[in-house]
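>>> how does the following fold in three dimensions:
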Amino acid sequence: METLLIIALIVAGLVFFAIEVFLIPGISLAGIASAISLLYAVYYAFHELGTEAGLLTLTVSAAGIVAVTIWFMRSKTIDRLSLKKTLDYRPDPLQGTGLKVGDRGTTVTRLTLIGNAEFDGHPVEVKSADGFIDEQVPVIVTAIRNGQVIVKKL
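I've put the predicted structure just below:
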């Protein structure tokens with residue numbers, strides 16, 4: 001009867017371990033239940049059946065955890081749960097503004113190298129080529145590189 005209880009505790013601990021690691025990551029009730037089941041199985045074996053049975057139970061529990069981990073890593077379960085899609089979308093902050101080199105606008109915020117300016121009613125994040133520029137100062141677009149607008153004082 002003791003052996004059956006120890007086997008049931010080890011199996012339950014390994015099932016909870018698999019649930020914890022592969023289905024509900026983080027510390028949850030499944031992880032706590034796994035630890036309690038496995039530790040109690042080892043304690044019970046040492047206490048009721050002796051040192052040899054306790055060491056055997058400890059070895060079987062550790063080997064079971066390693067086996068469950070290897071089995072799940074080699075199975076297709078991880079592939080089915082993993083995200084396969086990639087995001088290739090890059091937002092264009094200048095879309096709809098029609099902004100080009102030579103356009104004139106006014107700074108909305110102080111440009112401490114980067115800030116906001118308004119061009120034809122469109123607020124745009126800009127980078128200063130002159131250093132610091134105060135707000136409400138007229139600026140001109142000198143370059144547009146990789147979606148970044150570079151301005152200087154007018």
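
>>> mean confidence for stretch 49-63?
On average, the pLDDT along stretch 49-63 is 94.

>>> for stretch 23-34, same thing?
On average, the pLDDT along stretch 23-34 is 85.

>>> how about the helices of this protein, start to end?
In the chain, the segments counted as helices under DSSP state H are 2-22, 29-44, 51-74, 77-81.

>>> distance between the ends of stretch 106-114?
End-to-end distance of stretch 106-114 (C-alpha to C-alpha, to the nearest Å): 14 Å.

>>> what sits up against it?
Where contact means C-beta atoms under 8 Å, 6 or more residues apart in numbering, the residues beyond stretch 106-114 that reach it are 115-118, 123, 125-128, 131-139, 151. (Glycine included, C-beta is placed from N, CA and C.)

>>> of those residues, just the buried ones, ChimeraX syntax please.
The command below creates a ChimeraX selection of those among the contacts of stretch 106-114 that count as buried (16 or more other C-beta atoms under 10 Å):
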select :115,117,126,127,128,133,137,139,151
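
>>> now, which of the contacts of stretch 106-114 lie within strands?
If you go by DSSP state E, these have 115-118, 123, 125-128, 131-133, 138-139, 151 in strands.

>>> circling back to that earlier point, I'd like the helices of the chain laid out as JSON lines, including distance to Ile144 and mean neighbour count.
Formatted as JSON lines, the helices of the chain follow (distance: least, C-beta to C-beta, whole Å; neighbours: other C-beta atoms under 10 Å):
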{"stretch": "helix 2-22", "distance to Ile144": "48", "mean neighbour count": "17"}
{"stretch": "helix 29-44", "distance to Ile144": "52", "mean neighbour count": "18"}
{"stretch": "helix 51-74", "distance to Ile144": "48", "mean neighbour count": "14"}
{"stretch": "helix 77-81", "distance to Ile144": "43", "mean neighbour count": "10"}
